[in-house]
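1. coords below, sequence missing:
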């Protein structure tokens, strides 16, 4: 009897220990507010992974910059204190080649982006992230960016002269708006609403999903449909810690990340029309821009990127060719 009791206790202890080993919690951080495409994408991904790896892995999402802004999240991925993140523009600060997606009007539409992803991103750009201690699991979306401000409608680059414009933490966005004549300043997304509300910044540029979910329509009057840059988002992990996960778990995480892209793209396309309507209904004054004028003013950005970044010219040429 005594032996039987000990066996049962040992079995129970092993079961508890096994359960503790089996359930791995992965923290996924992003800067998106509730209702943003970042949040919707991360939640859908977590739902799918948690169903497939129930009892083995649980992804827990932390949005609204709870785990830090984009730069902090990248550093925490490298340190292993955050497991996954969904950065966008900030990746240009880690890998120079990511500046390709900072070039104005280079991505025509999502079908073009899919071709760039397959023929340029995965073969030439993704491997560079691993040299920085990072690994991209999938390409998702942040979206087409548009300009908002409190001064006047922006129709040509000349209209931006003197506008204090918040931009993300990436040098090519700063260079672009300097070329257009604005006064751009990099700033964390979490600080943006207050900066616009207090007049520290006159305007900013973001996709509809970020504008609406962060309630920027409450502190911005004009929305100019520039669509100047299409920004991908990337599901990224820290290479060192990620390598400690079992191979079968990594396969599910990667396969599911890429599968989720179709959901992300479909959601983004649907929201574009809906959110523009909501922003108009909120009282924003919406105008079209002279895109040819913006394209003409963008030539120097292409030239600088081609000169400053090693191997950039072939990437530009390939991406442009894929859009024809």
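-> Received, thanks. Computed from a prediction, not measured in an experiment: that's the story for all the values here. Numbers count the residues shown, from 1 in each chain.

2. state the number of residues packed around the spatially closest residue to residue 186 that is not a sequence neighbour.
-> Nearest non-adjacent residue to residue 186, counting by C-beta to C-beta, 6 or more residues apart in numbering: residue 169, 4.6 Å away. (C-beta placed from N, C-alpha, C; glycine too.) Applying other C-beta atoms under 10 Å, we find 19 residues neighbouring residue 169.

3. so who does residue 169 touch?
-> For residue 169, the contact set (C-beta atoms under 8 Å, 6 or more residues apart in numbering) comprises 69-71, 89-90, 93, 186-188.

4. what number of residues lie near residue 191?
-> Using other C-beta under 10 Å, residue 191 has 14 other residues around it.

5. mind checking what secondary structure it has?
-> helix (DSSP: H, G, I helix; E, B strand; the rest coil).

6. and for residue 138?
-> strand.

7. the closest residue to it other than its chain neighbours and residue 172, how far apart?
-> Once flanking residues are discounted, residue 138 sits nearest to residue 257: 3.5 Å by C-beta to C-beta, 6+ apart. For residue 257, the distance to residue 172 (C-beta to C-beta, to the nearest Å) stands at 26 Å.

8. could you check how far the residue nearest to residue 138 is from residue 135?
-> To residue 135, residue 257 is 11 Å away according to C-beta to C-beta.

9. buried ones in stretch 179-198?
-> 179-180, 182, 184, 186-190, 192-193, 195-196 (16 or more other C-beta atoms under 10 Å).

10. likewise for stretch 121-134?
-> With the criterion 16+ other C-beta under 10 Å, stretch 121-134 contains buried residues 121, 125-126, 128-129, 133-134.

11. chain center to it: distance?
-> Chain-centre distance of stretch 121-134: 16 Å, with C-alpha atoms, centre = their mean, to the nearest Å.

12. next secondary structure after the host helix or strand of residue 237?
-> Assigned by DSSP states H and E, residue 237 falls within strand 234-238. As assigned by DSSP H and E, the chain's next helix or strand after strand 234-238 is helix 239-242.

13. let me know the angle separating the next helix or strand after that next one from strand 234-238.
-> For helix 239-242, the following helix or strand on the C-terminal side (DSSP H and E) is helix 247-281. On the basis of axes from the mean of the first three to the mean of the last three C-alpha atoms, to 10 degrees, helix 247-281 is oriented at 140 degrees to strand 234-238.

14. pLDDT (mean, whole number) over helix 247-281?
-> Helix 247-281 carries an average pLDDT of 97.

15. give me the neighbour count for the closest residue in space to residue 217 that isn't next to it in sequence.
-> Leaving aside its chain neighbours, residue 217 sits nearest to residue 282 (4.2 Å; criterion: C-beta to C-beta, 6+ apart). If you count neighbours by other C-beta under 10 Å, residue 282 ends up with 15.

16. returning to what we had before: can you redo the buried residues of stretch 179-198 as TSV with pLDDT and distance to residue 235?
-> Formatted as TSV, those follow (pLDDT from 0 to 100; distance: C-beta to C-beta, whole Å):
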residue	pLDDT	distance to residue 235
179	95	31
180	97	31
182	98	31
184	98	28
186	96	23
187	96	24
188	94	21
189	96	18
190	96	20
192	98	23
193	98	26
195	98	28
196	98	29
